[in-house]
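Participant: could you look at this predicted model? Sequence included:
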Amino acid sequence: MKNSVFLLLLIFLMSACRPTAVHHCSAPVFGTYYAVTYCGDEDAGMQASLDSLFAAFSAEFSLFDSSSVVCRLNRGEDLYLSEDFVKLLQLSTQISRNTHGAFDVTVAPLVKLWGFGPDSLREVTAQMVDSVLENVGYEKIGIEYGHLIKRNANIQLDFGAIAKGLAVDKAVELLRQRGYTNFLVDIGGEVRTCGSKAGKPWRIGVQVPTEDSEGEIASSYDFPMCDKAIATSGNYRNYHERDGERFSHIINPSTGYSERSDLLSVSVIAADCTSADAYATALMVMGREKSMQWLQLHPELAAYLIYYEDGDFKVARTPNFP
Ligand code: ADP
Ligand code: MG
């Protein structure tokens, strides 16, 4: 009798001490990578499911797939939009309103003008900017009975500042459907965590930008993050240089100019990665001072802003940033 109690206790202790198995899968996606870490039993179908989720996602939202829904809409085709597409457009419009147009999904013609689309950078004149601005503005589009309505035919969409975040959230849904509660999804640095990693909080690192786009990126600051998403937008990796002047891939939709923000990067923590991604881009457009004022009215977000001043990297952050 005594022995069997001892044996039971031993089995219990052994199972309590068995470390939770941690699995990884990753592959290239959207011109970057995805990396998923999950705890529990290994799922042999995980990689294939993620790959097909992201392929379906590209077929809707990618500007680099000429047969995608967004490219077809940009060419003027009239299509019946999926529920996901409508939801993303509605959320984009709401975020545009919240940021007074700093984030704008109709920025595509300006992105192209500044050479971040398929064409390379040309000489850009003020006249060209003005005429392209006619075709930009989130208030110039709408949805009626599942169809995109454009105020003029030259209006085009670009989900580049929000789609990666949505893809992270979609992957989170997929992992939950497959029965997991403890995992981390990372697509090119846009990250969302659920639960914990073998009983310990997931840890996230914020990178310090380097001067050139090829430079080493060092992680300067790391912190625990549970059941939240973080996205970073920066102008130090993706830019053109002409006559010593830098043109960032982030565009100010109200001026029409490639943004010369005083910020090098902005990391935003939100409940979901779609919002975190879009707000990070919007804050890059707003610049440091406006962003910090705006953030005071948005305690649901936390932000970490890196800027360069007096020859050094400096940080401004909201008090609720971990
Ligand atoms: P990254 O792609 O490096 O993660 P972002 O999330 O900031 O960076 O997205 C930048 C992309 O978003 C640009 O390449 C462009 O396609 C698009 N974009 C640029 N400016 C804006 C803007 N003001 N609002 C919405 N999208 C933008
Ligand atoms: Mg973004």
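Facilitator: In hand now; what should we look at? Ligands and ions are numbered 1, 2, ... in the order given.
Participant: the helix or strand encompassing residue 111 vs ligand 1: in contact?
Facilitator: Using DSSP states H and E, residue 111 sits within helix 108-113. Yes. Against ligand 1, helix 108-113 shows contacts by Cβ under 6 Å from any ligand atom at residue 111. Using the backbone N, CA and C atoms, a C-beta is placed for each residue, glycine as well.
Participant: tell me the buried residues in whichever helix or strand comes after that helix?
Facilitator: Heading C-terminal from helix 108-113, the first helix or strand you meet, by DSSP H and E, is helix 126-133. Of the residues in helix 126-133, 129, 132-133 count as buried by neighbour count, 16 or more other Cβ atoms under 10 Å.
Participant: same thing with stretch 176-185?
Facilitator: The neighbour-count check on stretch 176-185 (16+ other Cβ under 10 Å) flags 180, 182-185 as buried.
Participant: including distance to ligand 1 and pLDDT, could these go into a markdown table?
Facilitator: Listed next are those as a markdown table, based on distance: Cβ to the nearest ligand atom, whole Å; pLDDT from 0 to 100:
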| residue | distance to ligand 1 | pLDDT |
| --- | --- | --- |
| 180 | 26 | 97 |
| 182 | 26 | 97 |
| 183 | 22 | 98 |
| 184 | 18 | 98 |
| 185 | 15 | 98 |
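Participant: and those residues, which two are the farthest apart?
Facilitator: Within the buried residues of stretch 176-185, 182 and 185 form the most distant pair, 11.9 Å apart (Cβ to Cβ).
Participant: so which residues of this protein form strands?
Facilitator: 22-29, 32-39, 141-144, 147-150, 183-187, 190-194, 203-208, 218-224, 229-234, 239-242, 245-248, 263-270, 302-309, 312-317 (DSSP state E).
Participant: does the helix holding residue 111 reach ligand 2?
Facilitator: No. Helix 108-113 does not reach ligand 2 (Cβ under 5 Å from the ion); its nearest approach is 12.8 Å.
Participant: just the CA trace of that helix, in CSV.
Facilitator: Coordinates of the C-alpha atoms in helix 108-113 are reproduced here as CSV (Å, rounded to 0.1, in the frame of the first residue of the first chain):
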residue,chain,number,x,y,z
ALA,A,108,-0.4,53.6,-53.0
PRO,A,109,0.0,56.3,-55.8
LEU,A,110,2.4,58.2,-53.6
VAL,A,111,4.4,55.1,-52.7
LYS,A,112,4.8,54.5,-56.4
LEU,A,113,5.7,58.1,-57.1
